[in-house]
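**Student:** Mind looking at a prediction? Sequence and model below.
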Amino acid sequence: MLSSTACFTFIFLLCQLTGPAASGVLKKLVGALGGSVNFPLNLSVDPIDSIIWVFNTTTLVTIQPKLADKKALIIVTQHRNKERVNFPHEGYSLKLSKLKKNDSGVYRVEIHSSTLQDPLTQEYELRVYEHLSKPKVIIGLQNNKNGTCVTNLTCSMEQGGEDVTYSWKSLGQATNESHSGSTLPISWRQEKRDMTFICMARNPISSNSSNPIFAWKLCEGAAGGLDTTVILKLLLSLTLLCFIALVLIILIIRRERRKESIEEKKGLNLHPETLNYSPTFGETSEYDTISYLNSTVPEENAVNTLYSTVQIPPKVEKSHSLPTLPDTPRKFTHENVN
């Protein structure tokens with residue numbers, strides 16, 4: 001069995017091999033999204049050669065303290081953090097601004113000094129939270145048992161529901177009651193009709209409350225008949241249905257009248273067909289006497305001139321029209337009778 005001295009020596013060597021250990025108790029910090037947080041640092045070492053701030057496993061800031069002839073040198077390793085990192089009052093306590101959700105994590109500061117064999121360290125755990133919005137209340141199945149309203153109210157957050165605790169307040173004329181948890185079981189009769197229920201939601205940086213839930217709106221009609229609002233809703237629904245029915249009837253009547261009007265117009269437009277009768281060949285002969293226009297026949301031959309007639313065939317394309325004479329006059333033969 002190892003002696004106590006040997007055990008102590010072994011533990012000391014193990015600590016040397018594993019690197020710097022935390023010199024102080026882990027400090028838990030909270031910050032609001034978009035806000036800022038301070039990492040306090042109390043220095044009890046002199047002289048200080050350097051101070052290093054580390055986020056998780058990444059070096060955030062390296063500081064060389066000021067000397068008599070020069071100012072402190074602060075080196076921010078990541079460019080995106082230059083505007084967010086600050087050391088107020090020319091000290092070495094870190095202030096981180098414009099917090100984001102991914103800023104949550106473990107921070108460590110290492111203080112190096114020539115008088116110390118190992119650096120002093122301090123660790124912080126930061127959690128960044130959102131400001132809570134108004135919680136939402138869901139009403140469960142409602143049941144009416146012998147005039148008693150029985151239901152459950154459940155409170156929840158739509159966003160930012162990390163590390164949220166819920167509680168309920170029941171407000172009434174007689175007493176005020178409180179209940180912890182997101183679900184509130186309810187059972188009330190006519191005498192508790194004036195009760196009001198409010199859900200309270202809290203996280204480490206903010207709190208908010210829901211809209212009030214009135215008992216008389218739960219299980220309406222369970223204890224005391226129909227509510228006036230229910231009656232108004234029924235009357236409004238009935239009026240709307242009657243109006244829709246009236247509009248449909250008017251539309252149907254107009255459509256029937258339009259059909260009747262169309263049928264009447266069709267009846268007026270119907271006329272018996274007039275058949276075009278063309279006489280058959282041989283029944284009627286049409287003759288056309290063609291005389292000479294603008295032509296002068298010598299007087300001495302007038303007695304001896306014979307005029308011929310032309311018979312037009314009775315069958316033409318259109319019985320009601322005469323064939324068109326050509327533009328050029330025909331040549332007719334004149335026979336002289338001796």
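**Tutor:** Okay, I see it.

**Student:** Could you list the low-pLDDT ranges of the stretch 201-338 of the chain?
**Tutor:** In the predicted model, the stretch 201-338 of the chain carries pLDDT under 70 at residues 221-231, 268-338.

**Student:** measure Ser50 to Leu116 for me?
**Tutor:** 12 Å (Cβ to Cβ, to the nearest Å). (Glycine included, C-beta is placed from N, CA and C.)

**Student:** Hmm, I typed the wrong one, I wanted Gly105.
**Tutor:** Plainly put, Gly105 is 26 Å away from Leu116 if you go by Cβ to Cβ.

**Student:** Now tell me what touches stretch 81-89 from outside.
**Tutor:** With contacts defined as Cβ atoms under 8 Å, 6 or more residues apart in numbering, stretch 81-89 is touched by Asn38, Leu60, Val61, Ile63, Ile74, Val76, Ser93, Leu94, Lys95, Leu96, Ser97, Lys98.

**Student:** any chance you could map the strands in the stretch 101-250 of the chain?
**Tutor:** For the stretch 101-250 of the chain, the strands defined by DSSP state E, counting those that start in this stretch cover 105-112, 120-129, 136-139, 143-145, 148-156, 165-171, 177-180, 183-188, 196-203, 206-209, 213-214.

**Student:** nearest to Cys242, of those strands?
**Tutor:** For Cys242, the closest of these is strand 143-145, at 30.4 Å, according to Cβ to Cβ.

**Student:** Okay, now the sheet partners of the closest one, with direction.
**Tutor:** According to DSSP bridges, strand 143-145 forms sheet pairs with strand 148-156 (antiparallel).

**Student:** What are the buried residues along the strand it pairs with?
**Tutor:** Cys149, Val150, Thr151, Leu153, Cys155, Ser156 (16 or more other Cβ atoms under 10 Å).

**Student:** ok, now how distant is the fifth one from Trp188?
**Tutor:** The spacing between Cys155 and Trp188, counted by Cβ to Cβ, is 18 Å.

**Student:** now swap in Arg254 and tell me
**Tutor:** Taking Cβ to Cβ, one finds Arg254 at 55 Å from Trp188.

**Student:** Pick out whichever of the two has more residues nearby.
**Tutor:** Per other Cβ atoms under 10 Å, whichever of Arg254 and Trp188 has more neighbours is Trp188, with 22 against 10.

**Student:** wait, isn't Ser210 in contact with Cys155?
**Tutor:** Yes. Assessed by Cβ atoms under 8 Å, Ser210 is found in contact with Cys155 at 6.3 Å.

**Student:** what residues do these two have in common as contacts?
**Tutor:** What both Ser210 and Cys155 touch, as defined by Cβ under 8 Å, 6+ apart, is the set Pro135, Lys136, Val137, Cys199, Ala201.

**Student:** which ones are touching the second one?
**Tutor:** Taking Cβ under 8 Å, 6+ apart, we find Lys136 in contact with Cys155, Ser156, Met157, Glu158, Ser210.

**Student:** I'd assumed Gly31 was in a strand, is it?
**Tutor:** Yes. Per DSSP: H, G, I helix; E, B strand; the rest coil, Gly31 lies within a strand segment.

**Student:** what are the bridge partners for the residue nearest to it when sequence neighbours are not counted, then?
**Tutor:** Nearest residue to Gly31 in three dimensions, chain neighbours excluded: Val37, at 3.9 Å (Cβ to Cβ, 6 or more residues apart in numbering). In this entry, Val37 is beta-bridged to Leu96, by DSSP bridges.

**Student:** Per-residue confidence, Val37, what does it come out as?
**Tutor:** Per-residue pLDDT puts Val37 at 95.

**Student:** Touching, it and Leu99? I think so.
**Tutor:** Yes. Counting by Cβ under 8 Å, Val37 touches Leu99, with 6.5 Å between them.

**Student:** where along this structure do the helices fall?
**Tutor:** Listed in chain order, the helices of the chain (DSSP state H) span 4-17, 228-268.

**Student:** Summarise which helices and strands the longest one is packed against.
**Tutor:** Secondary structure elements in contact with helix 228-268, counted by 3 or more Cβ pairs under 8 Å, 6 or more residues apart in numbering; DSSP states H and E, are absent; no helix or strand qualifies.
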